[in-house]
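J.: I need the structure of the sequence given here:
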Amino acid sequence: MNIINGLRTNTSKIGRKKAFFIVPFMIIILLTLIVITVRKPEYVLKTKIRVGDTFGINPSDTEMVAKAMGELELLDAENPAASISSVKQKISAKKDPASSLMEISATGKKSVETAKILNKLTDLYVYEVNSKLNKMQEEDIAKKEVEMNEYKKNLREEMLAAKKRLEDCERRLEEMQAIEGKSSGLLSSFESQLAELEFQRANLLKTYTSAYPEVVKLDSEIGELKEKISSIPRESTGKLKFERELKDSQNIYNALKEKWDEASLKKIEDLKEPKKSGATATIVSYTQAAATPSEILWRKRTILLIGIVMAILISLLSVLVAVFLDASIVTQEELYAYTNLQVIGEVPYIKPVLLKDMKIGKKSSLILGCEGDSGIIEPYRLIYAYMHSNIFEGQPSGGKSIFLTSSIPGEGKSTIASNLALIMAKAGKNVLLIDANLSNPSIHSLFGMVSRVPGFTDLLNKGVGADTAVRDLTDMLLGGLGLETAIKFKGLDRLKIITAGSPVSDLSELIISPETNSVIAELKTRFDYIILDGPSISTSIDSLTLASKCDATIMVYLAGKTPRQRIRSALLKLGSVRPEGSSRNATNIKGAILNKCI
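T.: Numbers count the residues shown, from 1 in each chain. Next up, the predicted model:
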């Protein structure tokens, strides 16, 4: 149920925010139409280039644009910078990494001139990119030539050093071989002598001991001979080391010589890297044809469609924001839930067409001209029926006083009070309508009366009697009410009116005086119902005083307009009010009327 009530409330609020949708929508549509009408068509032209590396060159650079316009003699002699800037802003370029295609586009109102500029700019861009590529290749060749000469110089030095090491190894190996040749014969002689001496010693030991002098002598000679043998150089690891060094030096020298031969045969042109496919910038296509009239018309339709979509979206957003920020109440359920106040009725909006035959005034919203419209009359009948059967049921016989007020001015309580009085009179009741909003009276204007004097203040000041202060049908007819309207609306003769009366300096003192109680009591003996149209609670404290002097107080709330905090503040003030002469603490607020006359 709460969900249904919430949806109903929001739907009602959205329905009341038509202006928040219509105004932005019309403004955006109007601006869109102005743009379509005033703005001249712009032609979009494109060229395509196949390019590898752009080297940071941008076709929309100022220098390139200036050069293209200069060659075409399109520069403004008085202000060349401005003409260059205006063209530059309309040129853009984007490159597709996958296909290496760059698309340069330009927009302008003059298709031929724009095409010339774009084609010239494309030619200049291709020339600049290729020139940059050729320059970088030449610099690369020169750099590699220097590197090659340096390489050959270092290689030659390494070859000379390797050759010197090779020759040194060969010389030292030859010397070692010569020494080994001489030592070989001497070693053979010493080894023969050693064998002979060891043989002799062995024969002596067969007969003598080792201490024998001859044996001792042989031992000494053998020892000397062994020392001589050990001192003679032999083929050892030293020779093997020299042989390995010689072999390594030979290999190093041969490798360096092979590199030298290769470097001597290579030409500088061979150092140049081959161009990759697509590295050179080439023009794929020049500018496309300018837009045809049909294309221009299609673009205008597209702009209009975009404008309509934007207008709808922005208008809906403004409505949603307005609904979100709306602190007002729009339904009976919401008003009851917020105030805990019984909603005794809901008055509808009266269409202006129903008021055209009324002779009271252009702004009057009385139900006098709605005799045949049950949708307008019936809500007021229901309010009267509720009051008769619920509010005043079981109370003593006699006239009943009803005080209508609101939280702030402009909530329509004067209109509701007047229409409620008309319905009661139509039901056969003698009704008195009093304009108690003394600081801002309006009842006399609603019924077309020229003057508010004499009236309620004059009656309270005893300046006039009740018979003089009370206005009837005659005063309405004299004031501007049409005779035909008066005849059609049955019971109008049973409605009497007391206007506000003469202005007074101290309204509060006059309202709280005992004379007010006496006047109301006297009038209740003469009428079935007395309806007092009082001031709003936020503007006058007199409303609290008048509420205490009446049998019932009815709050009028303007749906969708009045912030809900205002009615809560008003109810807090009225909470202490009770009928004068009553010992009960209960307030005499009997209900609320939801006014939808917006």
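J.: Could you report the neighbour count for the closest residue to residue 132 other than its chain neighbours?
T.: Excluding the flanking residues, the one nearest residue 132 by CB to CB, 6 or more residues apart in numbering is residue 55, at 4.7 Å. Bear in mind the C-beta positions are built from the backbone N, C-alpha and C, glycine included. Using other CB atoms under 10 Å, residue 55 has 14 neighbouring residues.
J.: and what of residue 214?
T.: By other CB under 10 Å, 12 other residues sit near residue 214.
J.: ditto for residue 537
T.: Residue 537 has 24 nearby residues by other CB under 10 Å.
J.: ok so, going back, can I assume the residue nearest to residue 132 sits in a strand?
T.: No - looking at residue 55 with DSSP: H, G, I helix; E, B strand; the rest coil, it is coil, so not inside a strand.
J.: Okay, it and residue 96: tell me how far apart.
T.: 18 Å (CB to CB, to the nearest Å).
J.: Could you pull up the residues touching the residue nearest to residue 132?
T.: With contact set as CB atoms under 8 Å, 6 or more residues apart in numbering, residue 55 has these partners: 129, 132-133, 136.
J.: Would you check how far apart the closest residue to residue 499 other than its chain neighbours and residue 144 are?
T.: Spatial nearest neighbour of residue 499, excluding adjacent residues (CB to CB, 6+ apart): residue 455 at 3.9 Å. Applying CB to CB, the value for residue 455 to residue 144 is 114 Å.
J.: what about those two, which has more around it?
T.: The residue with more neighbours, out of residue 455 and residue 144, is residue 455; 28 against 16, by other CB under 10 Å.
J.: what distance separates the start and the end of stretch 516-531?
T.: 14 Å (CA to CA, to the nearest Å).
J.: wait, I meant stretch 383-398
T.: Distance across stretch 383-398, first residue to last, is 20 Å (CA to CA).
J.: Let me see the mean pLDDT of that stretch.
T.: Stretch 383-398 carries an average pLDDT of 87.
J.: thinking again about what came up before, surely the residue nearest to residue 499 and residue 504 touch.
T.: No - in this structure residue 455 lies outside contact range of residue 504 using CB atoms under 8 Å: 10.8 Å.
J.: So which elements touch the lengthiest helix in the chain?
T.: For the chain, the longest helix by residue count, based on DSSP state H, is helix 111-207. Helix 111-207 sits against strand 43-50, helix 62-71, strand 101-108, helix 213-231, helix 237-265, strand 282-285, with contacts defined as 3 or more CB pairs under 8 Å, 6 or more residues apart in numbering; DSSP states H and E.
J.: what's the angle between the second one and helix 111-207?
T.: Compare the direction of helix 62-71 with that of helix 111-207 by axes from the mean of the first three to the mean of the last three CA atoms, to 10 degrees and you get 140 degrees.
J.: just how off-centre is whichever helix or strand comes after helix 62-71 within its chain?
T.: On the C-terminal side of helix 62-71, the nearest following helix or strand under DSSP states H and E is helix 80-88. The chain centroid and the centroid of helix 80-88 are separated by 34 Å, computed with CA atoms, centre = their mean, to the nearest Å.
J.: and helix 80-88, what other elements does it pack with?
T.: helix 62-71.
J.: Tell me the helices and strands packed up against the helix it packs on.
T.: helix 80-88, helix 111-207.
J.: taking the mean pLDDT, what do you get for it?
T.: pLDDT averaged over helix 62-71 gives 84.
J.: Tell me how far residue 82 lies from residue 69.
T.: Distance from residue 82 to residue 69, by CB to CB: 12 Å.
J.: wait, I meant residue 160
T.: Using CB to CB, we find residue 160 at a distance of 63 Å from residue 69.
J.: What of residue 262?
T.: Residue 262 sits 54 Å away from residue 69, going by CB to CB.
J.: who has more neighbours, these two?
T.: Legend: neighbour count by other CB under 10 Å for residue 262 and residue 69, higher for residue 69 (22 against 10).
J.: The more buried one reaches residue 87, doesn't it?
T.: Yes - between residue 69 and residue 87 there is a contact under CB under 8 Å: 6.5 Å.
J.: Quick check: neighbours shared by the two?
T.: Common neighbours of residue 69 and residue 87 are listed as residue 117 (criterion: CB under 8 Å, 6+ apart).
J.: where does residue 365 land on pLDDT?
T.: Value for residue 365, per-residue pLDDT: 74.
J.: my guess is it meets residue 416, correct?
T.: No - using CB under 8 Å, residue 365 makes no contact with residue 416, being 9.7 Å away.
J.: Pull the number of nearby residues for residue 504.
T.: Neighbours of residue 504 using other CB under 10 Å come to 16.
J.: correction: residue 384
T.: 20.
J.: For it, what is the enclosing helix or strand?
T.: Residue 384 belongs to helix 374-386 when elements are defined using DSSP H and E.
J.: From the chain's centre, how far out is that helix? Work that out for me.
T.: Its chain's average C-alpha position is 50 Å from that of helix 374-386, according to CA atoms, centre = their mean.
J.: Kindly report the same for stretch 549-560.
T.: Here stretch 549-560 is found 45 Å from its chain centre; the criterion is CA atoms, centre = their mean.
J.: could I have that stretch exported to CSV, CA atoms only?
T.: Listed next in CSV are the C-alpha coordinates belonging to stretch 549-560 (Å, rounded to 0.1, in the frame of the first residue of the first chain):
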residue,chain,number,x,y,z
LYS,A,549,-13.8,31.6,19.0
CYS,A,550,-15.2,29.2,16.4
ASP,A,551,-16.7,25.7,16.7
ALA,A,552,-14.4,24.2,14.1
THR,A,553,-11.1,25.1,12.4
ILE,A,554,-10.3,23.8,8.9
MET,A,555,-6.8,24.0,7.5
VAL,A,556,-6.5,24.6,3.7
TYR,A,557,-3.4,23.2,2.1
LEU,A,558,-2.3,24.1,-1.5
ALA,A,559,-1.2,20.8,-3.1
GLY,A,560,2.2,20.8,-4.9
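J.: From residue 301, how far off is the residue lying farthest from the centre of the chain?
T.: Within the chain, residue 207 marks the point farthest from the mean C-alpha position, 127.8 Å out by CA atoms, centre = their mean. Residue 207 sits 144 Å away from residue 301, going by CB to CB.
J.: one step back: what's the closest of the helices and strands packed on helix 111-207 to residue 470?
T.: Of all the helices and strands packed on helix 111-207, strand 101-108 sits nearest to residue 470, with 80.6 Å by CB to CB.
J.: Pairing partners for the closest one, with directions?
T.: strand 43-50 (antiparallel), strand 91-96 (antiparallel) (DSSP bridges).
J.: That strand to helix 80-88, inter-axis angle?
T.: Counting by the same axes, to 10 degrees, strand 101-108 lies at 120 degrees to helix 80-88.
J.: Can you pull out the residues in contact with strand 101-108?
T.: Defining contact as CB under 8 Å, 6+ apart, one finds that strand 101-108 is touched by 42-51, 54, 59, 87, 90-96, 114, 117-118, 121-122, 125, 284.
J.: Noted, bye for now.
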